[in-house]
Each structure stands twice: as C-alpha cells, then as structure tokens.
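Visitor: quick one, fold the following:
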Amino acid sequence: MVKDSKFIFVTGGVASGLGKGITAASLGRLFKSRGLKVVLQKLDPYVNVDPGTMNPFEHGEVFVLDDGAETDLDLGHYERFLDSDLHRSSNFTTGAVYSAVIAKERRGDYLGKTVQVIPHITDEIKERVRSLADTEQADLVIVEIGGTVGDIESLPFLEAIRQLRNEVGRENCAFVHVSLMPFIGPSGELKTKPTQHSVKELRSLGLQPDAIVCRTDRPIGRNLKEKISLLCDVPMSGVISAMDVESIYEVPLILHKEGLDDEVARHLGIEATPDLSEWEALVDRVHAAQEPVRVAVVGKYVDLRDAYLSVMEALRHGGFHHGANVEIDWVTSDDLGGQATEDALGSADGILVPGGFGVRGVEGKVAAVRFARERKIPFLGICLGLQVAVVEFARNVCGLEGANSAEFDPATPHPVIDLLPEQKNVTDMGASMRLGAQACHIEPGTLAAKAYGEEVVYERHRHRFEVNPAYHETLTGCGMIVSGSSQKGRLAEIIELPDHPFFVAGQFHPELRSRPTDPHPLFRDFVAAAVAQRRSRAELPIAAVR
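Guide: Modelled structure (predicted):
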C-alpha cells in the first residue's frame, strides 16, 4: 500500500437510491481539483460475481470498462466526474469475494484452517481495497459501500472497513454517511428520526461517521443541523444539506458550498485548496443549454431509466456542447408499428435506438429505424440499434425477404446478423461476450471520419452477435456504408447511409466514453443534426451547430 494513501468510505442509510454514487463521484471530483491522485471503488453486496447476467430491470445498465469488466452503473458516474478510465479492480461483489476465497481454500492456501467470514472474507475485502491504492499509487481512495446499512448482505463489507480504519490509522480514514431526511406533508416538517436510527445502526457496527450528507427536497435549517449533530455525535460542520438539484453536475459545487470536502480534508490532514473553475464553467454551460430539442429513445426497458443511464447522460453532454436542452421522449418499442409509429415518432427531432437483449420489442425497433430512414430524421443506433438497422435495410432496401438476426429467428433465410464462430460454442453466460475496448478503423470521407477526426479509435463493446460478413457485399452494394471496421474489415463496427441528414449506428457503446466536459463525437454530432432538424422544421436559419 502507498505509504500516504488515505481512504474515504461512503455508506448509505434509510433507503436505496439516495445518491451515494453521486456523492462519492462528487467527492472524487472535489479532491481531484485539489491536485490529488484520486481513485474510486464500488463494493456491491450481491452474490452475483458481476452484474453481467442481471436483467436491467433488476440492476439498471451494465457499465463496461476498457478492460472488459462488466460493472455497476455507479462506475459511469465515477468516470464522468473524474474524467478518467477505471478498471476491473474498481468494482467487486460479494460473489467475487467468496469465489476467490473458496478457490484459495481448494488450492490449500488455508490448509488446516477453518475458513470463516472473519478473518478470511474480511481479509479478502481489505486486500482488494489496499491493492487498488497500491496499483494506482493513489493519494486518496474513495470507496462506496453498496446497499443500505442494516442489510444482512453488507455486514462483511462494513466489518472490513471497520478493521481497515484501525490498520491504516484513524487520521487516514474518513466515513461519510448518506441518509434520507423525509418531509412529512401534513405536519410540514423535515424528520431527522430516520437518520438518527440509521446512524445508530452504523455505530452499533463500530463505525462513527465523520460527516452526514442529508438528502432532502428542501433546505435544512440550523436547528435541524444542531439536532443531528447532537444526537449523531457529528460536528455541526459535518452535517451537510444535499437538496435535489436540476442537474447532477451541480452536486460537487453544492457539497463544496456546504463544506463537505473541507470537513473531510481537515479530518484527513489534506491542506491543498480546490480549483473548481473547470467544473464551474461546465455548470454554466449546463444552465445555458436552453434551446429545446426532442430525441425519441426507442427501447424495451424504458420503464426503468437506469437501464439507459449512460445514454441519457451522453445525450445531455451533446446538448451542453451545442447549448441545447435535450428532452427525451421514452418510447416503448413493443408499442410501435403502423400508425402507432407515426404517433410516437412524428414530432421527434432525432431517434435513438439503444442496446438490449432478447426478441421482445425488436420489430418495434425495426419500425422505428425505417421511420427514421424514410422520413430523413437524424438517427443513432447503438449495439442492437445497429443490428436492427441492418435488418431493416436488408429487408426494405436490399429486398432480402425474411432477413433477421439469428438471435431472434434461428430459421431466417437471411441471417444478416449472426454469431461469430468463436461465440457458437460458449456455454458460460457470464463474462463471455465480446467485451471491452476494441480497435475501430475509420473510413475517410464518412460521417464517422468527420465526427472522430482520427483514423483509429477504441470503443467499448458488449455483445455476442455481429453483422454477418457473408452479407457485407450485398449491404454495401445496396448503398450502405461500412464507415468503421475492425480486424482488417472482417467486422462492421459503424454503418451509415448517404443522402440522409444523419444516419449512423455503432456496434459498440459510445455512451460509455462520453464525458460532460468532452461529449462523445457520435452523440455530439447526432445532437447537432437533431438541432438542425428542429430549426428546419421551425423554418429558422440553420446556423453551424458544431
């Protein structure tokens, strides 16, 4: 472990979904702005080895890293706020910990010992936290503990960080607890009791918070801060009001104004002062992005926005760049077809079809692609979005009746989308897809070349099926352009159509690389095309929107 590494552990209480991930990411940004080398880590208490086999309705999106790790969606917040790439050791689960300990037991590493939660499981957890500090030579490691204090699944993690505090020294370890302060309408009061009980539970496990981030929908008065300070044994300066805000990118500035990073810095003996000018400029752009532009996102998980979290953020990043306020219309692909397609998509300035798995809703996505192609509406396809775009083009332009993906119709006469040979004998479902950053060679003179401005780019993948190489010649002969490819042209990475304002699709997930201060080129140019579409509909002058 690096001699001077310090640790901040972020826990949550009362309810899930309060914003622990945003709080951890915001702390990372605030301390990075002080010139520190900051790394973030998420510990998830579920028994899955990783979220790769979990339904988006259960877990939200899977955030894939460059090294192919399938991780929790909070790592997306970490990368976006820190503006840095993470790796697989930045996220681990109960399942991964137990798998490692059991493997060691089978090898005989614990020969003669009875393997127990304490010390073997907790030692494995501590080793993974320490190893990240070592590998990254970090000044500060910020660790978010998933779940809610009181959950049985989280107990080994909480015990591990209690032990770690004693091992690294109290002065090198800080605890930040995120809790809910609900407003009770009939009585017109904010209530502190849930936070009191949550902190009591935390203290019963041997953990005393150094700061409490109180999530509310309105300001917390001094009297309530005094009450929490007294009953939870936290200094007044450590009771932080974290109100709901319009944009998550305001949160670092709100927490800084409340003094959270100053309080933690005092505890850890960090003297450097922050320079938040870059982040303040970003928030100014967020507030200045006012021109409305409507983008229809056609998906099968639209009832759960977390399934498309990075897509939402990437669209917003494109909007910040162009001064546009991207309004997302969530369209359930199951409902499309015939007049329903016109009703749902007719007013859209842009249409985006994101990734997904399974046959449900696929024909609705095909209908959305055809609508975008024929009506000349800017279109961006992501992963499955590329595949349904190829299916639609093969059927309706190339005349390949019955063309489909072998994933959805194994008996299709034209499997324009199919498994690669190396995927056909896969038996384990976990971590066996084409994952992580892969090279993509860009064709000169294309929309992709204009967007990227580079000959070779690296994009993150998560899929099994590809455009069938046997149909490349047929598709390109009918007018489709393969503007990005990998493995010497074997795999189609990006496709686009000429004579269209913007029709581009990627086999990868560009949203995973987008940052609020540096939007992904495809999202940036897609939003630009949508803005131009809106202006042309309004019969306004179309200025350069790049």
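Visitor: where along the stretch 401-546 of the chain do the strands fall?
Guide: Using DSSP state E, counting those that start in this stretch, the strands of the stretch 401-546 of the chain run over 404-405, 415-419, 434-442, 456-463, 465-467, 481-486, 491-496, 503-506.
Visitor: make a markdown table out of these and add distance to Asp72, mean neighbour count and mean pLDDT.
Guide: Heads up, the C-betas are built off the backbone N, CA and C, glycines and all. Output for those, formatted as a markdown table (distance: least, Cβ to Cβ, whole Å; neighbours: other Cβ atoms under 10 Å; pLDDT from 0 to 100):
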| stretch | distance to Asp72 | mean neighbour count | mean pLDDT |
| --- | --- | --- | --- |
| strand 404-405 | 29 | 24 | 95 |
| strand 415-419 | 28 | 22 | 93 |
| strand 434-442 | 15 | 19 | 92 |
| strand 456-463 | 14 | 19 | 94 |
| strand 465-467 | 25 | 24 | 93 |
| strand 481-486 | 27 | 22 | 94 |
| strand 491-496 | 26 | 26 | 95 |
| strand 503-506 | 23 | 27 | 98 |
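Visitor: surely His87 meets Gly68?
Guide: No: His87 lies out of contact with Gly68 (Cβ atoms under 8 Å); the separation is 9.7 Å.
Visitor: which one of the strands of the stretch 401-546 of the chain lies nearest to Val531?
Guide: Of all the strands of the stretch 401-546 of the chain, the one in closest proximity to Val531, counting by Cβ to Cβ, is strand 503-506 (15.8 Å).
Visitor: now do the SS call for the residue lying farthest from the centre of the chain.
Guide: Farthest-out residue of the chain from its mean C-alpha position, per Cα atoms, centre = their mean: Gly112, at 43.4 Å. Secondary structure assignment for Gly112 (DSSP: H, G, I helix; E, B strand; the rest coil): coil.
Visitor: count of neighbours near Ala103?
Guide: Using other Cβ atoms under 10 Å, Ala103 has 10 neighbouring residues.
Visitor: mind telling me what element it is part of?
Guide: Taking DSSP states H and E as the definition, Ala103 sits inside helix 94-107.
Visitor: now that helix: buried residues?
Guide: 94-98, 100-101 (16 or more other Cβ atoms under 10 Å).
Visitor: export those to TSV and tack on pLDDT and distance to Leu400?
Guide: Converted to TSV, these look like this (pLDDT from 0 to 100; distance: Cβ to Cβ, whole Å):
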residue	pLDDT	distance to Leu400
Thr94	95	48
Gly95	95	43
Ala96	95	44
Val97	96	49
Tyr98	96	49
Ala100	96	49
Val101	96	52
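Visitor: make JSON lines out of those and add distance to Thr476.
Guide: Converted to JSON lines, the buried residues of helix 94-107 look like this (distance: Cβ to Cβ, whole Å):
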{"residue": "Thr94", "distance to Thr476": "48"}
{"residue": "Gly95", "distance to Thr476": "44"}
{"residue": "Ala96", "distance to Thr476": "43"}
{"residue": "Val97", "distance to Thr476": "49"}
{"residue": "Tyr98", "distance to Thr476": "50"}
{"residue": "Ala100", "distance to Thr476": "47"}
{"residue": "Val101", "distance to Thr476": "52"}
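Visitor: which member of those is positioned nearest Met54?
Guide: Closest to Met54, out of all of the buried residues of helix 94-107 and judged by Cβ to Cβ, is Gly95, at 11.1 Å.
Visitor: for that closest one, which residues are in contact?
Guide: For Gly95, the contact set (Cβ atoms under 8 Å, 6 or more residues apart in numbering) comprises 46-50.
Visitor: so how far is Gly52 from it?
Guide: Distance of Gly95 to Gly52, computed by Cβ to Cβ, to the nearest Å: 11 Å.
Visitor: again with Gly76
Guide: In terms of Cβ to Cβ, Gly76 sits 15 Å off from Gly52.
Visitor: of those two, who's got more company?
Guide: Remark: of Gly76 and Gly52, Gly76 carries more neighbours, 26 against 19, as counted by other Cβ under 10 Å.
Visitor: report the secondary structure state of that one.
Guide: Strictly by three-state DSSP, Gly76 counts as helix.
Visitor: is it true that it touches Arg513?
Guide: No: checked against Cβ under 8 Å, the pair Gly76 and Arg513 is beyond contact range at 10.4 Å.
Visitor: those strands in the stretch 51-200 of the chain, which residues are they?
Guide: Counting by DSSP E, counting those that start in this stretch, the stretch 51-200 of the chain has strands at residues 63-64, 70-71, 91-93, 140-145, 173-180, 183-184, 189-190.
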